[in-house]
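Chemist: Below are the sequence and a predicted model for it; my questions follow.
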Amino acid sequence: MSSGGRTRQGALRRVREYVLLYLGLGYLGVICLLWTPFAMVFYPLLPARAGRRLGRFVINRGFNSYIRFLTLIGACRFDLAALDKLRGQGPLILAPNHPSLLDAVMVISRLPDVACIMKAGLMDNIFLGAGARLARYIRNDSPLRMVGCATNDLSAGSFLLVFPEGTRTTRMPVNPLMSSVGLISRRSGVPVQTIFIETDSPYLCKGWPLFRKPEMPVVYRVRLGRRFDPPSSVQPFMAELERYFVAELEDAVLPRPPERDGGTMSSSTI
């Protein structure tokens with residue numbers, strides 16, 4: 001192929017990838033905005049238990065449809081089948097690493113009845129806040145209250161999603177872990193199930209602008225790690241957990257797909 005042909009092909013690919021980027025972001029924004037007015041109405045009307053069940057069901061189905069949409073248009077490839085093994089095993093504290101903004105979406109898309117610990121700012125966000133409040137997600141602005149709410153939620157048999165790093169990874173392979181996951185596990189008596197999210201792209205990592213285009217398709221794979229029993233002492237537990245994360249994630253970068261043809265994985269993996 002001539003250099004001019006390669007240049008045109010590269011330009012067309014960049015245009016296509018920008019279209020896919022905006023389609024993906026637009027789809028997520030639309031489903032969040034469509035649900036927001038209903039969540040605002042249901043929150044004061046429904047009993048807490050019914051609102052929590054409805055809110056988590058809608059978020060689960062909405063995130064699942066978003067993952068399928070990204071796969072259908074060829075923006076991403078996902079292998080999330082490992083999460084299906086956890087269905088029916090609650091209560092469990094789910095503790096993934098946190099390479100990108102899509103991490104919670106991936107986990108929640110596969111598992112029903114997941115409580116999520118969220119930053120207070122996200123709980124007040126116009127796109128996410130009303131749905132998160134209806135689902136009785138847990139604010140992280142008060143550590144004591146957060147641990148108490150998390151313990152109560154786990155006692156109802158739910159999954160609890162906690163990112164031990166506290167924020168997206170900035171120090172490879174994993175940030176220093178925060179003690180909240182150990183505190184919640186010790187107080188609730190619920191095991192910690194480690195989860196490893198691997199990707200071939202820095203897309204939506206810490207500091208990645210929302211509208212910056214990655215090379216596509218972006219590949220994600222989720223695998224289950226060790227399940228830790230509730231600790232009797234938090235600090236030794238957190239030190240052991242951090243060593244385990246470092247050992248498991250040192251080489252956890254996927255190779256790029258051999259062809260960027262927008263292909264999709266089978267429905268058994270998405």
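Modeler: Nice, I can see it.
Chemist: What is the helix ranked longest in the chain packed up against?
Modeler: Counting residues, the longest helix in the chain under DSSP state H turns out to be helix 3-45. Secondary-structure packing of helix 3-45 (3 or more CB pairs under 8 Å, 6 or more residues apart in numbering; DSSP states H and E): helix 48-72, helix 129-134. To be clear about C-beta, it is placed using only N, CA and C from the backbone, and glycine gets the same treatment.
Chemist: Do you have the helices of the stretch 51-200 of the chain handy? List them.
Modeler: All helices of the stretch 51-200 of the chain, identified by DSSP state H, counting those that start in this stretch, fall at 103-110, 120-123, 129-134, 143-155, 180-188.
Chemist: any idea which of these scores lowest on pLDDT?
Modeler: Lowest mean pLDDT within those: helix 120-123, a mean of 81.
Chemist: for that one, which positions count as buried?
Modeler: In terms of neighbour count (16 or more other CB atoms under 10 Å), helix 120-123 has its buried residues at Leu122, Met123.
Chemist: returning to what we had before: please produce TSV containing the helices of the stretch 51-200 of the chain, extended by distance to Ile31.
Modeler: Output for those, formatted as TSV (distance: least, CB to CB, whole Å):
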stretch	distance to Ile31
helix 103-110	11
helix 120-123	16
helix 129-134	10
helix 143-155	24
helix 180-188	29
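Chemist: closest one to Tyr18 among the ones you listed?
Modeler: Proximity to Tyr18, assessed across the helices of the stretch 51-200 of the chain by CB to CB, is greatest for helix 103-110 (21.1 Å).
Chemist: Can you give the contact residues for the closest one?
Modeler: 59-60, 63-64, 66-67, 78, 80, 83-84, 94, 96-97, 114, 116, 161, 163, 195, 197, 220, 222 (CB atoms under 8 Å, 6 or more residues apart in numbering).
Chemist: mean confidence for stretch 196-216?
Modeler: Mean predicted confidence for stretch 196-216 is 93.
Chemist: how distant is that stretch from the center of its chain?
Modeler: Computed by CA atoms, centre = their mean, to the nearest Å, the chain-centroid distance of stretch 196-216 equals 13 Å.
Chemist: Can I get it in PDB? Just the C-alpha atoms.
Modeler: The C-alpha atoms that make up stretch 196-216 are tabulated as PDB, following Å, rounded to 0.1, in the frame of the first residue of the first chain:
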ATOM      1  CA  PHE A 196      -8.000  -8.600  39.300                       C
ATOM      2  CA  ILE A 197      -8.900  -6.300  36.300                       C
ATOM      3  CA  GLU A 198      -6.400  -6.400  33.500                       C
ATOM      4  CA  THR A 199      -6.300  -4.200  30.400                       C
ATOM      5  CA  ASP A 200      -4.100  -3.400  27.400                       C
ATOM      6  CA  SER A 201      -4.800   0.300  27.500                       C
ATOM      7  CA  PRO A 202      -4.500   3.300  29.900                       C
ATOM      8  CA  TYR A 203      -7.900   4.500  28.800                       C
ATOM      9  CA  LEU A 204      -9.800   6.300  31.600                       C
ATOM     10  CA  CYS A 205      -6.900   5.800  34.100                       C
ATOM     11  CA  LYS A 206      -6.200   8.500  36.600                       C
ATOM     12  CA  GLY A 207      -5.600  11.700  34.800                       C
ATOM     13  CA  TRP A 208      -6.900  10.500  31.400                       C
ATOM     14  CA  PRO A 209      -9.200  13.200  29.900                       C
ATOM     15  CA  LEU A 210     -12.700  11.900  29.400                       C
ATOM     16  CA  PHE A 211     -12.800  12.800  25.700                       C
ATOM     17  CA  ARG A 212      -9.300  11.600  24.900                       C
ATOM     18  CA  LYS A 213      -9.500   8.800  22.300                       C
ATOM     19  CA  PRO A 214      -7.700   5.500  23.100                       C
ATOM     20  CA  GLU A 215      -6.600   3.000  20.500                       C
ATOM     21  CA  MET A 216      -9.500   0.600  19.900                       C
END
